[in-house]
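Visitor: Return atomic coordinates for the entry below.
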Amino acid sequence: QVQLVESGGGLVRPGGSRRLSCVASGFTINTYNMGWFRQAPGKERTFVAAIRWSTDSTVYDDSVKGRFTISRDNAKNTVNLQMNVLEPEDTAVYFCAATTWWDITSMHRISHYVFWGQGTQVTVSS
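Guide: Sure, this is the predicted structure:
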């Protein structure tokens, strides 16, 4: 059974940091490209970052570029999202997802991703 399970969410103050992890089971991430998305209350799910399985190439949404870092640990079947300099606007449920697609111009498209986790809440507030 394919599963993606996110963890690491919680409450963090503005300017703080948080590290999210996503553990995969039922498949190995070393042949999948992995992505992170987020969904704020009342808003659509949007792209955050993605990492390619074969080269570790990465792509980020402009809103997080320079603050967030996506990485993968194939040995642990895990993808991580290091979030720094968090802002209240980063408050959302964060989802990890897997895809066999790679096109740097379209990794933001939800329809490319075949496996999804259930999400973890990140709240940035003082």
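
Visitor: Can you give me the end-to-end span of stretch 84-100?
Guide: In stretch 84-100, first residue to last residue: 28 Å (CA to CA, to the nearest Å).

Visitor: Does residue 73 touch residue 34 like I think?
Guide: No. Proximity of residue 73 to residue 34 does not meet the contact threshold set by CB atoms under 8 Å, at 10.9 Å. All C-beta spots, glycine's among them, are computed from the backbone N, C-alpha and C.

Visitor: ok, these two, which is more surrounded?
Guide: residue 34 (26 against 13; other CB atoms under 10 Å).

Visitor: Distance of the residue nearest the centre of the chain relative to residue 8?
Guide: Nearest to the mean C-alpha position of the chain, by CA atoms, centre = their mean, lies residue 36 at 2.0 Å. According to CB to CB, to the nearest Å, residue 36 stands 11 Å off from residue 8.

Visitor: Residue 62 now?
Guide: Distance of residue 62 to residue 8, given as CB to CB: 23 Å.

Visitor: Which stretches in the protein count as strands?
Guide: With DSSP state E as the criterion, the chain has strands at 3-7, 10-12, 18-25, 33-39, 45-51, 58-60, 68-73, 78-83, 92-99, 115-116, 120-124.

Visitor: Can you add mean pLDDT and give the ones you listed back as a markdown table?
Guide: Listed next are these as a markdown table, based on pLDDT from 0 to 100:
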| stretch | mean pLDDT |
| --- | --- |
| strand 3-7 | 97 |
| strand 10-12 | 98 |
| strand 18-25 | 96 |
| strand 33-39 | 97 |
| strand 45-51 | 97 |
| strand 58-60 | 97 |
| strand 68-73 | 96 |
| strand 78-83 | 97 |
| strand 92-99 | 97 |
| strand 115-116 | 96 |
| strand 120-124 | 98 |
